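Participant: how does the following fold in three dimensions:
(3 chains)
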Amino acid sequence: MAEEVKLMKGNEAIAHAAIRYGADGYFGYPITPQSEIMETLMEEKPWETTGMVVLQAESEVAAINMVYGGAGSGKAVMTSSSSPGISLKQEGISYLAGAELPALIVNVMRGGPGLGTIQPSQADYFQTVKGGGHGDYRLITLAPASVQEMADFVKLGFDLAFKYRNPAIILADGIIGQMMEKVVLPPFQPRLTDEQIRAARPWAATGKTKNRKRNVITSLELDPARMEENNIRFQAKYREIEKNEVRYEEIGCENADYLIVAFGSMARICQKAQELARAEGINVGVLRPITLWPFPSEIISHYADKVKSMISVELNAGQMVEDVRLAVNGRVKVEHFGRLGGIVPTPDEVVNAIKEKLL
Amino acid sequence: MNDIVKPENLVYSKPRLMNDNPMHYCPGCSHGVVHKLIAEVIDEMGMEENTIGIAPVGCAVFAYNYIDIDWEEAAHGRAPAIATAIKRLNPDKMVFTYQGDGDLAAIGTAETIHACNRGENIVIVFINNAIYGMTGGQMAPTTLEGMVTATCPYGRNVELYGYPLKISDLVVKLDGACYVTRQSVETAAAVKKAKKALRHAFENSMAKKGTSLVEFVSTCVSGWKMSPENANKWLQENMFAKYPLGDLKNV
Amino acid sequence: MKEEIIIAGFGGQGVLSMGKILAYSGLMEDKEVTWMPSYGPEQRGGTANVTVILSDERISSPVLNAFDTAIILNQPSLEKFESKVKPGGTLIYDGYGIHHAPSRTDINIYCIDAMDAATEMKNAKAFNMLVLGGLLKIKPIVTLDSVLKGLKKSLPERHHHLIPMNEQAILKGMELIRKM
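Facilitator: Numbers count the residues shown, from 1 in each chain, chains lettered A, B, ... in the order given. This next block holds a predicted model:
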């Protein structure tokens, strides 16, 4: 039977998709503009149906550490927050990466720095793809541009997290979180049983049985030689992810004279700008990175030999543009256009930026 | 010699769940004794395959090297949050944290209070030696008034640094906490008593009675710069006055 | 078919829920829909607005330069959005909330005294349904049947008994709207 088409907010879609994925636990703390995620979970009471645990923690710090604890015991667990709360979680995210624990984190970004505003922003790009917490680690970063992708990326994020034993993050913003669109929710899949978890995740702290050594979930290794070995292993894993997991969408890029690179909600606005520009005879393509790390450098490099110039359009002061420039390596001009602090540009503003900066 | 080593002559053996890894703790430190008691209690309860421990940041960061069960190593102060999730996701497991005074009563105060207030069915083992051992003897929230540490080299001045924090007394007030007790391990008699308290706490957690907190008023021979014997004496004369032993709550 | 609508007024006037009902009605007709609210403190008393797009084709941007239709329920919103109506587009305003009438001559302007009617009906909650009726009279972008189905879909079951009252208000709104 075909799944019913529903109308809901991106935040609500995340919650429903998590239940349907068979997530074992959600731990969070309220913050605008993403509180509907936990509210929806509480309303749905999945502990009575799938057995999923949902807990409002005392802080974002506690929530991410609950995620660490649950992930360490082999469970599929997640948290969500918005920019200031995600800053609080950075220590825990670094520990997750250091202990090689799979987990899903959702950031519905708002404008900063500091307490900032609750309006949409993409200013946490650097924080997400360049580190955020301490140490050399990477977060698998998925950037949804629709409510449907909010739902779909829950499964994708968990699957990638478990495949590589690394935390994954859905990097959305206030627009995608608050907007309602049509969505077909993914089918229900059962939560893994404890036996299945022991078999599939033999590294997890599930209680030491006689037939194996004790499992210790830790990121600590005081011997620098061994710590370097750990780091080398992480880096090899990251190269593997970069090789296998790059995702992007090309929207009318073939034969385009100019290329817009934009992610998330901004990519949607840029598609409208693309329509408007084309009506004026300006042939623009839109390349939408879906994974921000690993970054789609190769395809951008490919277009560097084809287009006259590029523009990275972001809800920030110019962050992803640095990665676009690295990919292009000076072969064409790469400009940036962005609005700051929660202001979202209209499609017209993007068209004007193209005219001013690229033509 | 061989005539003596016979099972019927055995008076003491290392607990089965303690492994052969050389301990990094200083001679005379309370940690080793408390580790031993935990290992014995888990074994005696038959819970070896069903116990998950959470190690702290501090001297006991390597607790996971010594007791042969599954462990998770926490970020500083967050062990009760980690234990919360493990226990809720694995309700048939026995889950405990092992934390020092800086971990539990300074950086992790919020996690301690809220886990206890939610009545998480976990055991919190709290080593209170009034000093930061691992980082080299700095002031702890539980450092006694006048006590000299690396960060209060002229003695703890309560006007500057506040008062020794009796966090177990705070936890007593929380409805989610079912058992709060102060124990010590400086004498054979105290060790015996402490083991009973630990067993009671672990049993509470499996009986879903709420959170049990077992505080061990402990020594730190290196941080205090004393011989083990003098440290034990100092413990009895000074620490017990501020942190009196006994059950604070048992419901 | 593609209709880009802004609904703007005070928080508490049912701006967001009116947009939601439109979106659900579009869903009932298998249209593509987006519903993009202003969010935050304005929900609790300040100005609130919502952009609703109904289309037969995939919708690109939920953020728009200009609108086919603006439904304006208070003066600050008129000042903000009158200039954002596309030439030849439609502006509907509530007579009670607007003291300085819109002045553009290149758009179609309608007035509906929905607040007065709701007061008369002693049912403040009917206000946004009266306005919705007015919109559907001028621009039948979705059928009344779809609206009723959409209401059923979007309202929790405990509120389904209110649907006939909503239908009455929509029909009444259709009578009340007048061209300026």
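
Participant: pretty sure residue A:7 is in a strand, no?
Facilitator: Yes: assessed by DSSP: H, G, I helix; E, B strand; the rest coil, residue A:7 belongs to a strand.

Participant: what distance do you get for it to residue A:147?
Facilitator: The spacing between residue A:7 and residue A:147, counted by CB to CB, to the nearest Å, is 9 Å. Glycine gets a C-beta too; all of them are placed from N, C-alpha and C.

Participant: okay, these two: which has more neighbours?
Facilitator: Remark: of residue A:7 and residue A:147, residue A:147 carries more neighbours, 27 against 22, as counted by other CB atoms under 10 Å in any protein chain shown.

Participant: sticking with the residue nearest to the more buried one when sequence neighbours are not counted, tell me its helix or strand.
Facilitator: Nearest residue to residue A:147 in three dimensions, chain neighbours excluded: residue A:181, at 3.9 Å (CB to CB, 6 or more residues apart in numbering or on different chains). Using DSSP states H and E, residue A:181 maps to strand A:180-184.

Participant: tell me the secondary structure at residue A:3.
Facilitator: Residue A:3 - assigned by three-state DSSP - is coil.

Participant: who does the closest residue in space to it that isn't next to it in sequence bridge with?
Facilitator: Distances taken as CB to CB, 6+ apart put residue A:184 closest to residue A:3, at 4.8 Å, once the chain neighbours are dropped. With DSSP bridges applied, residue A:184 shows beta-bridge pairing to residue A:5.

Participant: for residue B:201, see how far away residue A:184 is.
Facilitator: 50 Å.

Participant: so these two - more neighbours on which side?
Facilitator: Neighbour tally, residue A:184 and residue B:201, criterion other CB under 10 Å: the higher count belongs to residue B:201, 24 against 13.

Participant: the helix or strand that one falls within near chain A at all?
Facilitator: Secondary structure from DSSP H and E places residue B:201 in helix B:188-206. No: judged by CB under 8 Å from any CB of the partner chain, helix B:188-206 stays clear of chain A, getting no closer than 13.2 Å.

Participant: so for that helix, mean pLDDT?
Facilitator: Average pLDDT, helix B:188-206: 98.

Participant: would you mark the buried spots in it?
Facilitator: Neighbour counts over helix B:188-206 (16 or more other CB atoms under 10 Å in any protein chain shown) mark B:190-191, B:193-195, B:197-206 as buried.

Participant: helices and strands around it, which ones?
Facilitator: Other helices and strands packing on helix B:188-206, by 3 or more CB pairs under 8 Å, 6 or more residues apart in numbering or on different chains; DSSP states H and E, are helix B:30-44, strand B:94-100, strand B:123-128, strand B:177-183, strand B:211-217.

Participant: endpoint to endpoint, stretch B:239-251 covers what distance?
Facilitator: 26 Å (CA to CA, to the nearest Å).

Participant: how far does it sit from the chain's center?
Facilitator: Relative to the centre of its chain, stretch B:239-251 is centred 14 Å away, using CA atoms, centre = their mean, to the nearest Å.

Participant: do stretch A:245-263 and chain C come into contact?
Facilitator: No: no part of stretch A:245-263 sits near chain C under the criterion CB under 8 Å from any CB; the closest distance found is 9.0 Å.

Participant: so which residue of the stretch 101-250 of chain B comes closest to chain A?
Facilitator: Here the stretch 101-250 of chain B gets closest to chain A at one residue, residue B:114, 3.9 Å apart by CB to the nearest CB.

Participant: hmm, residue A:63 and that residue touching each other?
Facilitator: No: counting by CB atoms under 8 Å, residue B:114 stays clear of residue A:63, with 11.2 Å between them.

Participant: tell me, what's touching those two both at once?
Facilitator: residue A:57 (CB atoms under 8 Å, 6 or more residues apart in numbering or on different chains).

Participant: more neighbours, the two?
Facilitator: In terms of neighbours (other CB under 10 Å), residue A:63 is the more surrounded of residue B:114 and residue A:63; the figures are 29 against 19.

Participant: give me phi/psi at the more buried one?
Facilitator: phi -60, psi -50 (degrees, to the nearest 10).

Participant: the helices in chain C, which residues?
Facilitator: Taking DSSP state H, the helices of chain C run over residues C:15-28, C:75-81, C:114-120, C:127-138, C:144-154, C:163-176.

Participant: which of those helices sits closest to chain A?
Facilitator: helix C:15-28 (4.9 Å).

Participant: contacting residues around that closest one?
Facilitator: Outside helix C:15-28, the residues that reach it (CB under 8 Å, 6+ apart) are A:5, A:7, A:180, A:182, C:5, C:7-9, C:32-35, C:37, C:43, C:48-52, C:54, C:71, C:73, C:128-129, C:131-132, C:141-143, C:146-147, C:149-151, C:153-154.

Participant: what subset of these is buried?
Facilitator: Using 16+ other CB under 10 Å, the buried ones in those are A:7, A:180, A:182, C:5, C:7-9, C:32-35, C:37, C:48-52, C:54, C:71, C:73, C:128-129, C:131-132, C:141-142, C:146-147, C:149-151, C:154.

Participant: which residues of chain B fall in strands?
Facilitator: Shown for chain B, the strands assigned by DSSP state E span residues B:51-55, B:70-73, B:94-100, B:123-128, B:131-132, B:138-139, B:177-183, B:211-217, B:246-250.

Participant: could you do the stretch 51-200 of chain A as well?
Facilitator: Taking DSSP state E, counting those that start in this stretch as the test, the strands found in the stretch 51-200 of chain A are A:53-56, A:77-81, A:104-109, A:140-142, A:168-173, A:180-184.

Participant: would TSV of those strands with distance to residue A:71 and mean pLDDT be doable?
Facilitator: Output for the strands of the stretch 51-200 of chain A, formatted as TSV (distance: least, CB to CB, whole Å; pLDDT from 0 to 100):
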stretch	distance to residue A:71	mean pLDDT
strand A:53-56	13	98
strand A:77-81	5	98
strand A:104-109	9	98
strand A:140-142	14	98
strand A:168-173	11	98
strand A:180-184	27	97
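
Participant: got those strands as TSV, with distance to residue A:25 columns?
Facilitator: TSV is the format used below for the strands of the stretch 51-200 of chain A (distance: least, CB to CB, whole Å):
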stretch	distance to residue A:25
strand A:53-56	4
strand A:77-81	4
strand A:104-109	11
strand A:140-142	19
strand A:168-173	16
strand A:180-184	23
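
Participant: what's the closest of these to residue A:325?
Facilitator: strand A:140-142 (18.6 Å; CB to CB).

Participant: list of residues touching the closest one?
Facilitator: Against strand A:140-142 from outside (CB under 8 Å, 6+ apart): A:128-129, A:153, A:156-157, A:160-161, A:164, A:166-171, A:241, A:245, A:247, A:290-294.

Participant: which of these are buried?
Facilitator: Of these, these count as buried by 16+ other CB under 10 Å: A:128-129, A:153, A:156-157, A:160-161, A:164, A:166-171, A:241, A:245, A:290-294.

Participant: helices - which of those residues land there?
Facilitator: The members of the buried ones among the contacts of strand A:140-142 that map onto helices under DSSP H are A:128, A:129, A:153, A:156, A:157, A:160, A:161, A:164, A:241.

Participant: can you add pLDDT and distance to residue B:236 and give those residues back as CSV?
Facilitator: Shown next, in CSV, are those (pLDDT from 0 to 100; distance: CB to CB, whole Å):
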residue, pLDDT, distance to residue B:236
A:128, 98, 54
A:129, 98, 56
A:153, 98, 60
A:156, 98, 60
A:157, 98, 55
A:160, 98, 57
A:161, 98, 51
A:164, 98, 54
A:241, 98, 57
